[in-house]
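Build me a model:
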Amino acid sequence: MDKKYIDFITDLKQNIIQSRYIAARLANKEQLLLYFKTGKMLSEKIDAEKWGAKVMEQIAEDLQKHLPGLRGFSYTNLKKMRQFAFEYPLLLNDYQQDVISPLPTGQLQENSANPIGPSSTGQLTSFWGITFSHHILLLKCKTLEERFFYMEQAATQFWSVNLLEHHISANLYKHQGKLPNNFDKTLPTLKPSALQVFRDEYLMDFIGSADAEDERVLEQKVVADIKNFILRMGNGFCFIGNQYRLEVEGEEFFIDLLFFNRHLQCLVVFELKRGKFKPEYAGQLNFYLNVLDEKVKLPHENPSIGIVLCKEKNNTIVEFAVRSIDKAMGVATYRTTKEVPKEMQGILPDAAQLARLL
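This is a model prediction of the structure:
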């Protein structure tokens, strides 16, 4: 087929995709503004008229009567719109007057108004780039800095609401880029921001919580749901294989999980350990990384990186274990489920009991 024709079709496709993307963003912005205006009108009128708490239920019913089939304006959503307007009182003025308000610092105070508004063009773009459901979820964040961190990540990485909820539950804001490692010494040419992809704790709730299982069972669960695992790891990870075979002088060795990261341009090893970190794990990982760089890594790729993923760790022990190693590695922990409240312990069945019942 004629190359010019193929190029023309490609250009048309790009224009259509770009136009649809812009239209979706504009539609989302208008929806956010509508919800903000609605919440603001509700608050002002209810406060001025001193209407009771149940008036919003009546408003929701009347809206359905006047606009049959109207979606998104239930009693529950009206409450969320009111909360949305309460948290961002400068939003409408910023949009109408093209004025960007300063971002206050400090803690968000419960039940007290704060003149919250995005403080930069980038934050404003992120604000309009996520849905109302995303914004309501972000109201759980305790600080403005945390809220805008997740807002930017959700907008730029196109997180779904479920994925945003996962990262908030996993406390990504706190754990991002904080795992104990030797990256400064071993990877001096890589930008620190690129290495922020690694965290010191991962929430892997999709694998269950049976602590008695060994590493191979854990690995099988990860591989069975590799999509979820990659989503929790961060950006740019491509799965190569599990029990990846290495051969050295006729002896075989097997890496638990091997990935390639497109942003870092390197192989990434994850070694899974069910218990507490032990110094010998660093030696084992160092061996794997040496073999990978010698036998598997391509000439244009960066040196391989290894992560020990275990149930517990002592950072001081980790630092001593990796200090003199010249291969890049870090040690992270994972958790499978949220802690059961003390008052519920012994009442709810654990995962093993539920499995037997089922």
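
where along the stretch 251-358 of the chain do the strands fall?
With DSSP state E, counting those that start in this stretch as the criterion, the stretch 251-358 of the chain has strands at 251-261, 266-272, 305-310, 328-335.

Out of those strands, which is closest to Pro68?
When the strands of the stretch 251-358 of the chain are compared by Cβ to Cβ, strand 328-335 sits nearest Pro68, at 47.3 Å. Yep, even glycine has a C-beta here, placed from its N, CA and C like the rest.

Does anything pack onto that closest one? Which helices or strands?
Judged by 3 or more Cβ pairs under 8 Å, 6 or more residues apart in numbering; DSSP states H and E, the packing partners of strand 328-335 are helix 183-186, strand 201-203, helix 279-295, strand 305-310, helix 315-322.

what's the most buried one of those?
Highest mean neighbour count of the helices and strands packed on strand 328-335: strand 305-310, a mean of 25 (counted as mean count of other Cβ atoms under 10 Å).

Sheet partners, orientation included, of it?
Within its sheet, and counting by DSSP bridges, strand 305-310 is paired with strand 266-272 (parallel), strand 328-335 (parallel).

Dump these to CSV, plus mean pLDDT, distance to Asp293 and mean neighbour count.
Shown next, in CSV, are these (pLDDT from 0 to 100; distance: least, Cβ to Cβ, whole Å; neighbours: other Cβ atoms under 10 Å):
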stretch, mean pLDDT, distance to Asp293, mean neighbour count
strand 266-272, 91, 8, 22
strand 328-335, 84, 10, 22
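
Figure out which of the ones you listed is closest to Phe132.
Closest approach to Phe132 among those (Cβ to Cβ): strand 328-335, 29.9 Å.

For the spatially most central residue of the chain, give me its contacts.
Centroid-nearest residue in the chain: His167, 3.7 Å away (criterion: Cα atoms, centre = their mean). By Cβ atoms under 8 Å, 6 or more residues apart in numbering, the contact set of His167 is 150, 153, 159.

Let me know the closest of those to Asn286.
Gln153 (32.1 Å).

Give me the pLDDT for Asn290.
Looking at Asn290, its pLDDT stands at 95.

What segments of the stretch 101-250 of the chain are helices?
121-128, 132-138, 144-156, 161-169, 172-175, 183-186, 215-224, 226-233 (DSSP state H, counting those that start in this stretch).

nearest to Ser43, of those?
The nearest among the helices of the stretch 101-250 of the chain, by Cβ to Cβ, is helix 132-138 at 15.9 Å.

one step back: can you check the contacts of His167 and name whichever has the most neighbours?
Highest neighbour count within the contacts of His167, by other Cβ atoms under 10 Å: Tyr150, with 22 neighbours.

What about the residue nearest to that one when sequence neighbours are not counted, how many residues nearby?
Excluding the flanking residues, the one nearest Tyr150 by Cβ to Cβ, 6 or more residues apart in numbering is Leu138, at 5.8 Å. Using other Cβ under 10 Å, Leu138 has 20 neighbouring residues.

Can you give me the pLDDT of Glu252?
pLDDT, Glu252: 93.

So, low pLDDT: which residues of this structure?
1, 90-122, 175-180, 190-214, 224-225, 231-232, 234, 336-358 (pLDDT under 70).

Quick one: distance of the lengthiest helix in it to the chain centre.
Secondary structure of the chain per DSSP state H: the longest helix is helix 3-49. Averaging C-alpha positions (Cα atoms, centre = their mean, to the nearest Å) puts helix 3-49 23 Å from its chain's average.
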